[in-house]
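Asker: 3D, please:
(chains A and B)
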Amino acid sequence: MQARFFFALLVAGTAASAADGDVSFSKQIQPILESRCWKCHGSAIQLGKLDLRSRAATVAGGEHGASLVPGKAEASPLYRRVAGLEKPAMPMDGKLTDEQVRLIKTWVDQGAPWDGLAPAASSDSQTQLTAMEDMPIPPEARNYWAFRKPTRVASPGPGNPIDAFLEKTWREKGLDPAPEADHVTLLRRAYLDLTGLPPAPAEAQAFLADRRPDAWERLIDRLLASPAYGERWGRHWLDVARYADSNGFEHDFDRPNAWRYRDYVIRAFNEDKPYDVFLREQLAGDEVPNVTNDSLIATGFLRNYAKVGFREKDNPEFRYDYLDDMIGTIGRGVLGLTVQCARCHNHKFDPIPQKDYYRLQASLWPYVEVDHPLVPADEAATYQRKVAAVNLRIADVRKQIKALEQPYRNLLLPAKYKAFPANVQEAIALPEEKRTEGQKLLANQVLLTVSVSSNEIDRVMRPNDLSAKKELLAEVQGIEKDRPAPIPMAMGITDGDYRFTPDGPGDEPAPGKGVKKADFAGSYVHTGAGPYEPPPSYFLIRGDVNSHGSLMRPGFITVATRGNPAVEMPQPGGHTSGRRLALAEWLISPDNPLTARVAVNRIWHHHFGRGLVATVDNFGKMGEIPTHPELLDWLALEFIDRGWSMKQMHRLIMTSHAYRMSSGFTSESDLAKDPDDHYVWRYRVHRLDAESVRDSILAASGGLNREMFGPPVFPVLQAEVRKSMSYGIWNQDEDGPKVWRRSVYVYRKRGLPFPLFEAFDLPDQNLSCGARNVTTVPTQALMLLNDDFVLKQAGLFADRVREAVPENAERQVDYAYRLALSRDPSEQERKLGLEFVSSHNLTGLAHVLLNLNEFLYVR
Amino acid sequence: MSDSTKSRRELLFEAGGGLSGIALAWLLGQDKLLASTDGSMAPKQPHFAPRAKSVISLFMSGGVSHVDTFDPKPMLHKYAGQPMTGKGDVVVRQGYPGPLMPSPFTFKKYGQSGLDVSEIFPLIAEHADEFALLRSVYGKSNDHVQAHYALATGMIRMGYPSLGAWVTYGLGSENENLPAFVVIYDAHGGPFGGPANWGAGFMPAAYQGTVFKPKGTPIVDLKPPASIAPEEQRARLDLLSKLNEMDLQKFPGNSELSARINSYELAYRMQGVAPEAVDVERESEATRKLYGMDNPATEPFARQCIMARRLVERGVRFVQLYHGGLGNQNLDTWDAHENVQKNHSQHAAEVDQPIAALLTDLKARGLLDSTLVTWQGEFGRMPISQRGVGRDHNPGTMSMWMAGARINGGQVIGSSDEFGYKAAEQPISINDLHATILHLLGMDHTKLTYLFNGRNMRLTDVYGELIPQIAG
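Answerer: Numbering: from 1, shown residues only, chains lettered A, B, ... in the order given. Next up, the predicted model:
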């Protein structure tokens, strides 16, 4: 199609122009300009500084040079762009017709006569801008189910309301629900679901022997109280928060303090921190009335975006991508909305105007990256003062060293120039004023970038100078001893002025490079007296960072907002705008129709393997509608009423019959009516996620190191895999207990996902993810069959069995089953196992058990 | 096919065990999959008759200088040593701009088409009439990694599926015992940006590229360690299968559990098939010589090229080769900041014979018409010098070529400006390139979509126009 268009232009276009008579500007060209061009190159705005309202302005052109060469269409960007001969093709919002393009070509070739009147005096430019930016939201848009506030419907029956709601649909659809699963299945389901680990044999035995009527409830309470709960459910949230320990992109720099956020999340789940508090801390932990270390660490949530981290000042557009990432994460992760779709235009499916996007952007706009000290303010101040003092003293000595080195540097530099090609040397040899323009460039390329290293100088220094230098260096060492021990820091954000960001890697302050130093007063973070003033942000036309529309005020998603919630909540005496706090309060307000629904739906999804809304990240039009809308609303309101307690929701869900149903149950009639079990007539078999696969293997082998928290660990990478890594770190830890920690503590490197996790569907670590993909591919089998880690654990597993029950093959088989599958083998399984152990070995059997479907699936 | 939102959503969220459907597709090949499910997934046929079944992408990592290879610029001789003017801001990646620098290499005309090719590619040049040369491809970033990602995924941000993943998603696999998308990177190490270059982004991981090593066991974890004899492994697999089958009785009709059982058998078969598929020792002496296996300089890339041909022969859809890998960036990649003559002479000598041989060999075996071969780096290089004899990055224009797939060879498409700083005539974006490659494979880039984040995502985002001279 495109191809045809292209040729039509070249061939038919020329022929037509010759055949045509004179083109009338006022009748034929001006209407095209008016309807298609002036929107962006007219009175309201002149994108690319191009104004197409007069011939003179069009000829003069904009920042990309002249736009019109009268008489020469082929040389006129105006024509070339509408004809698609030059990129970007214009107009951006859709091509002109072939006829219109032909007219423009003919008109330009005819000398571009401009006989029209000046554009009719239209409304003022602000009005035009507003008209372009604003999208009215039709009142009926608020009636879409996800934008209505949840309403409470009374439980349609006795017992656990979850069952009552489900039963209602079973009756309506004529489905037969499954009976309760057996106790071993339930036990494993609860353990793997809540802790990500299979039960130890003793734990299994205790539960199976517990005849009390509330044995199940007690089990759930015990598991919810176990620290492993936070390690498992915190991991779900870390997916949403796109948490990683490295920056990503080329340099993939390490983030040495990122793990504190991971620990915060685990702690929050274990403490059952109310979800509203949890969100508020992550959005605005630096702005809340009671700032704590944890609330400061929590602000790492917004800083978890993948970051180039190199030459950021040469690329100011990066920051817009980071903001986009935050908006995407809050949108999908908290609101279940694809807000990012409104970055360049109004949302195509949902009633989210582009302006809402830029309101949200304005809410986040003041952010700057900071490392929050996690010690009392006075202690931090003392620390910083001491550091500054040490640095000052060192700088002084360094100055002396430099002075000592200077003669040698002067001596060595010309020698270094000798390493450069002849043309460079020639240029440098000439006095500056004798150099040609080209030689000046050549000379500067070297003179401004070549330096002499300290080591190079040492090699030629006279002994007395060298010893003097060494003394000074020793002095530096001595001063270094006074440097205070580093204080713990959290990687987070606060408000400030990004235009004063200190230079980072690659931001060499070269003339003509990087952002110009701001010619206005301000500072990176506001510490002084007086109110904090956030830097301005703008509506961006078509998302183009250089096309500013109106100045933006903070705000939220209009269609999901009721009343006039505050958009800024600055704290008295604070140093921030309070915009993020206002955003957080809007998110967790009981008036917000989405937050609680999205949260309970995600909890449901993790318990059942499918959400009541299957598209857990998208409650918009392109998402699924809820299978049980009344239940979803009931759960959402219950969640709020119970103080946003996650643990209470787990308890509520897991004590339902629905959760305890058998997954092996089949019914021809059910399968015919609802083959994919949308209406939860049986429990859904689902594979362990990547972390649980590794953790379960370690649990069965006994190798698992249950130590919690702290800096990440680096399990062994095969040499070949290491080689594919671009930059950044992967420490060489030994394969052993130090790295046999739970998988949540494994280093998350954006540039190199840990292979075992990746094979088992680790989501892309750069995007917020509420529901992982689940695939079944042979690379998974290869890894579980052949990987050194798995084989080593299989060996440990066998050792563990031999140690526990020496010299009794039958009991060994039984014990291996109990460790891996929490049950005794059947007669036939025992027989097969024994045969295998006698003809091969116990390690082989252990290895097979770790590969069984029964081991790898929750069911 | 994939433009049907419903079927994709069925696939994503409704299949009995999550994504077992996709897994099966990969495992068994599309047709068998379709026979085995409820028919909710429409066939993954291409949108129209394809011109190519497979792609071999030859990626020269580090950035090849177009003005020293396929885009001669006499004006650089005329204005040698003078500043480049009239081009607006001269944006360099490192340091400061230098003066215009002519190519240290001479160009000659080749083939009936009289294509100008630099002396460093004498053998590739012999195929001048077989490839279409694009001289106006412009990039999105002058940073290596972002430029790699742009070529790989169309986006400079991380987290998006690569071209190979899209192709696998769109067409599935032709060989049930091999991955559909294979990556073989340079013996020195992975390319800039690492595995994200062949990632599946927001798609299921099943679509991502599988790395094959050029020597030894080709896939990580393909074979058990020496301590486990083949009979021992087979015995374990037999026991596993027996126990799993017994267990499956409790879950009749569960497709995910049976897919996993099958995945072990497939894994076992792959252990045999994959090493054979890429075993260059099985090639005749003449073939090995043709590629340059007998020369230490050409041997590594010759090996990669032979592997690629063997894989394509066996139905692999997309083979991504990298020349240039991260060891020493200046020496081991095309990143010729220091000395373009030295760097490019060396690297061209490493790939010239293998690539020429690949074209010859594919043609001789009748595979060239059904295989698209592309050659490119992540950006071009500057027409001005960097500190005398080096060249800095230049995303403004680069040269690449495409052969096979019944493309008219010998033609030059687009041009760069007189110095080679920016694309001039018919600028071709990476989105255009991707659209055209999908087109050759029988897919309409506007219809190959994947629902994510509430949007029907495309490899080409909202851009991309076919290159008429290639797609037409």
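Asker: switch to C-alpha atoms for all contacts and neighbour counts from now on
Answerer: Will do.
Asker: go through the chain and flag its longest helix.
Answerer: Defaulting to chain A. Determined from DSSP state H, the single longest helix within chain A is helix A:377-417.
Asker: let's do chain B instead
Answerer: Secondary structure of chain B per DSSP H: the longest helix is helix B:340-364.
Asker: ranges for the strands of the chain?
Answerer: As the question left the chain open, I've gone with chain A. A:367-373, A:489-495, A:538-540, A:548-551, A:686-687, A:857-858 (DSSP state E).
Asker: wait, chain B
Answerer: Shown for chain B, the strands assigned by DSSP E span residues B:54-60, B:107-110, B:115-118, B:131-137, B:181-184, B:210-211, B:318-323, B:371-377, B:380-381, B:393-394, B:398-404, B:412-413, B:449-452, B:455-458.
Asker: hmm, the fourth one in reach of chain A?
Answerer: No. No part of strand B:131-137 sits near chain A under the criterion Cα under 8 Å from any Cα of the partner chain; the closest distance found is 11.3 Å.
Asker: quick one on the thing from earlier: packing partners of the longest helix of chain B?
Answerer: Here helix B:340-364 touches helix B:122-125, helix B:285-291, helix B:299-313, going by 3 or more Cα pairs under 8 Å, 6 or more residues apart in numbering or on different chains; DSSP states H and E.
Asker: mind redoing it with 6 Å?
Answerer: With contacts taken as 3 or more Cα pairs under 6 Å, 6 or more residues apart in numbering or on different chains; DSSP states H and E, helix B:340-364 sits against helix B:122-125, helix B:285-291.
Asker: got the residues of the stretch 301-450 of chain B near chain A?
Answerer: Within reach of chain A by Cα under 6 Å from any Cα of the partner chain, the stretch 301-450 of chain B has these residues: B:387, B:388.
Asker: for chain B, which helix or strand comes out least confident on mean pLDDT?
Answerer: helix B:30-36 (a mean of 31; mean pLDDT, DSSP states H and E).
Asker: doesn't residue B:382 make contact with residue B:63?
Answerer: No. Counting by Cα atoms under 6 Å, residue B:63 sits too far from residue B:382 to count as a contact (10.4 Å).
Asker: interface residues of chain A facing chain B?
Answerer: A:3, A:250, A:338, A:421, A:424, A:438, A:441-442, A:445, A:622, A:664, A:676, A:723-726, A:761, A:764, A:766, A:773-778, A:781-783, A:786-787, A:848.
Asker: can you flag which of the residues you listed belong to helices?
Answerer: A:3, A:424, A:438, A:441-442, A:445, A:723, A:778, A:781-783, A:786, A:848.
Asker: so among those, which ones count as buried?
Answerer: A:424, A:438, A:441, A:442, A:445, A:723, A:778, A:781, A:782, A:783, A:786, A:848 (16 or more other Cα atoms under 10 Å in any protein chain shown).
Asker: what's the closest of those residues to residue A:79?
Answerer: Of all these, residue A:79 sits closest to residue A:438, with 36.2 Å by Cα to Cα.
Asker: find the nearest non-adjacent residue to the closest one, please.
Answerer: residue B:82 (4.4 Å; Cα to Cα, 6 or more residues apart in numbering or on different chains).
Asker: and residue B:160, what does it touch?
Answerer: By Cα atoms under 6 Å, 6 or more residues apart in numbering or on different chains, the contact set of residue B:160 is B:153, B:201.
Asker: before we move on, what about residue A:590?
Answerer: By Cα under 6 Å, 6+ apart, no residues touch residue A:590.
Asker: and it, what pLDDT?
Answerer: Residue A:590 carries a pLDDT score of 93 in this model.
Asker: show the backbone phi and psi for it.
Answerer: Per-residue torsions, residue A:590: phi -60, psi -20 (degrees, to the nearest 10).
Asker: ok, now how distant is the nearest residue to residue B:427 once chain neighbours are set aside from chain A?
Answerer: Computed as Cα to Cα, 6+ apart, the closest residue to residue B:427 that is not its neighbour in sequence is residue B:136, at 5.0 Å. Distance of residue B:136 to chain A, computed by Cα to the nearest Cα, to the nearest Å: 11 Å.
Asker: neighbours of residue B:136, how many?
Answerer: By the measure other Cα atoms under 10 Å in any protein chain shown, the count of residues near residue B:136 is 28.
Asker: so it touches residue B:400, yeah?
Answerer: No. Applying Cα under 6 Å, one finds residue B:136 not in contact with residue B:400, separated by 8.6 Å.
Asker: low-confidence ranges, chain A, go.
Answerer: A:1-20, A:116-126, A:508-521, A:726 (pLDDT under 70).
Asker: show the pLDDT at the closest residue to residue A:664 other than its chain neighbours.
Answerer: In space, and not counting its chain neighbours, residue A:664 is closest to residue B:251: 4.9 Å by Cα to Cα, 6+ apart. If you check residue B:251, the pLDDT there is 91.
Asker: next one: the closest residue to residue A:480 other than its chain neighbours from chain B, what distance?
Answerer: Spatial nearest neighbour of residue A:480, excluding adjacent residues (Cα to Cα, 6+ apart): residue A:390 at 7.0 Å. According to Cα to the nearest Cα, residue A:390 stands 32 Å off from chain B.
Asker: residue A:390: neighbour count?
Answerer: By other Cα under 10 Å, 19 other residues sit near residue A:390.
Asker: likewise the one 4 residues further on?
Answerer: When neighbours are counted by other Cα under 10 Å, residue A:394 registers 20.
Asker: kindly report the same for residue A:641.
Answerer: Residue A:641: 11 surrounding residues under other Cα under 10 Å.
Asker: repeat that for the one 3 residues further on.
Answerer: A count of nearby residues for residue A:644, using other Cα under 10 Å, gives 24.
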